[in-house]
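>>> Give me a model of this one.
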Amino acid sequence: MHILLLGCGGQVGWELQRSLAVLGRVTALDHDSTQHCGDFANPQGVRETLRALRPDVIVNAAAHTAVDKAESEPELAQLLNATTPGVLAEEAARTGAWLIHYSTDYVFDGSGERPWTEADTPAPLSVYGATKLEGERLIQASGCRHLILRTSWVYAARGGNFARTMLRLASERERLTVIDDQWGAPTGADLLADVTAHAIRHLQTRPEDGGLYHCVAGGATNWHSYAKYVLAQAQQGPAAIELKATEVAPVPTSAFPTPARRPHNSRLDTHKLQSTFGLQLPPWQQGVARMLAEIL
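Residues are numbered from 1 along each chain as shown. From the prediction side, this is the model:
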């Protein structure tokens, strides 16, 4: 099996290089790759790459993920999140390849408190959410064999993340303020990558199980509780660190105005994924604790 991985330098892409290696030959490209074009700002170049390599599976971990910046550059967000994924889908449909693609909780408006299911009607609040939703729809309309995984609050030990930011601020300040009215599940890039590899293997024998699924770690939390968990974990065990912060105060989203509106409810229901693929998604605390053990 020949797998083409796009966006290999990002948090999820980096973990996918590891998880996909056991499935077959992996060609990993990023936006600055030189031998073949992996730049999503150049959809024709990406199309030529697909025609030259003719992979059996295309795994797309590339996207415009700067949520606030997308509000001021909607054309670029549209190109990276919708137009070029649509090209991937067209080429996959033409050759019979599988397309694995990642989407987001931001396709929903964040109303209510019930976890969103795959059958719920999307209503994005931001350019980022709208362009990711259009990417989903272009893939579905192409007729290609596909797996779309919607996820939320992705982090990794490699690169910047919320936990690192909280640890840095807690070492500098005595009081932190963190939003407590946005709910979701912190989801490790390593978990997403491992689920992807398992799903690809599963789909080789059960292609009828392709489609749209929600994939997040178990449970739910808000950013304030997430921050408190991170700081408590950092002060335990042999690698415990001293922090200056003595108070972590909860505040509403309105205390931190941003160009893009965030959904308050990003809970995603994963029953469909777990039952179809025979998986058990671990609680979010398990992945975060493991990530902290790596970075502390």
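>>> Which parts of this protein are helices?
11-19, 43-53, 67-70, 74-78, 84-95, 127-142, 162-172, 189-205, 223-234, 271-277, 284-295 (DSSP state H).
>>> Is it possible to get a markdown table of those that adds mean pLDDT, mean neighbour count and distance to residue 258?
In this view, the C-beta of every residue, glycine as well, is placed from N, C-alpha and C. Output for these, formatted as a markdown table (pLDDT from 0 to 100; neighbours: other Cβ atoms under 10 Å; distance: least, Cβ to Cβ, whole Å):
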| stretch | mean pLDDT | mean neighbour count | distance to residue 258 |
| --- | --- | --- | --- |
| helix 11-19 | 97 | 22 | 21 |
| helix 43-53 | 97 | 16 | 29 |
| helix 67-70 | 96 | 18 | 5 |
| helix 74-78 | 97 | 17 | 15 |
| helix 84-95 | 98 | 22 | 25 |
| helix 127-142 | 98 | 22 | 11 |
| helix 162-172 | 93 | 17 | 15 |
| helix 189-205 | 98 | 19 | 23 |
| helix 223-234 | 95 | 20 | 13 |
| helix 271-277 | 98 | 16 | 30 |
| helix 284-295 | 94 | 17 | 23 |
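>>> Out of the ones you listed, flag the one nearest residue 3.
helix 189-205 (7.7 Å; Cβ to Cβ).
>>> From the rest of the structure, what touches that closest one?
Helix 189-205 has contacts (Cβ atoms under 8 Å, 6 or more residues apart in numbering) with 1, 3, 11-12, 14-16, 18-20, 22-23, 57, 59, 98, 100, 102, 145, 147, 149, 151, 154-156, 209-210, 215, 217, 273, 277-279, 281-282, 287.
>>> So what angle separates the directions of that helix and helix 11-19?
60 degrees (axes from the mean of the first three to the mean of the last three Cα atoms, to 10 degrees).
>>> How far off centre is helix 189-205?
Centre-to-centre, helix 189-205 and its host chain are 14 Å apart (Cα atoms, centre = their mean, to the nearest Å).
>>> Can you show me the CA trace of it as CSV?
Extracted C-alpha coordinates of helix 189-205, given in CSV (Å, rounded to 0.1, in the frame of the first residue of the first chain):
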residue,chain,number,x,y,z
ALA,A,189,-2.5,14.3,17.9
ASP,A,190,-1.1,10.8,18.7
LEU,A,191,-4.6,9.5,19.5
LEU,A,192,-5.9,10.9,16.1
ALA,A,193,-2.9,9.3,14.3
ASP,A,194,-3.4,5.9,15.9
VAL,A,195,-7.2,5.9,15.2
THR,A,196,-6.4,6.9,11.6
ALA,A,197,-4.0,3.9,11.1
HIS,A,198,-6.5,1.5,12.7
ALA,A,199,-9.4,2.9,10.5
ILE,A,200,-7.4,2.6,7.3
ARG,A,201,-6.7,-1.0,8.0
HIS,A,202,-10.3,-1.6,8.8
LEU,A,203,-11.5,0.1,5.6
GLN,A,204,-9.4,-2.2,3.5
THR,A,205,-11.8,-5.1,4.3
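>>> what's the neighbour count on the nearest residue to residue 109 once chain neighbours are set aside?
Residue nearest to residue 109 in three dimensions, not counting chain neighbours: residue 123, with 4.1 Å by Cβ to Cβ, 6 or more residues apart in numbering. Counted with other Cβ atoms under 10 Å, the neighbours of residue 123 add up to 14.
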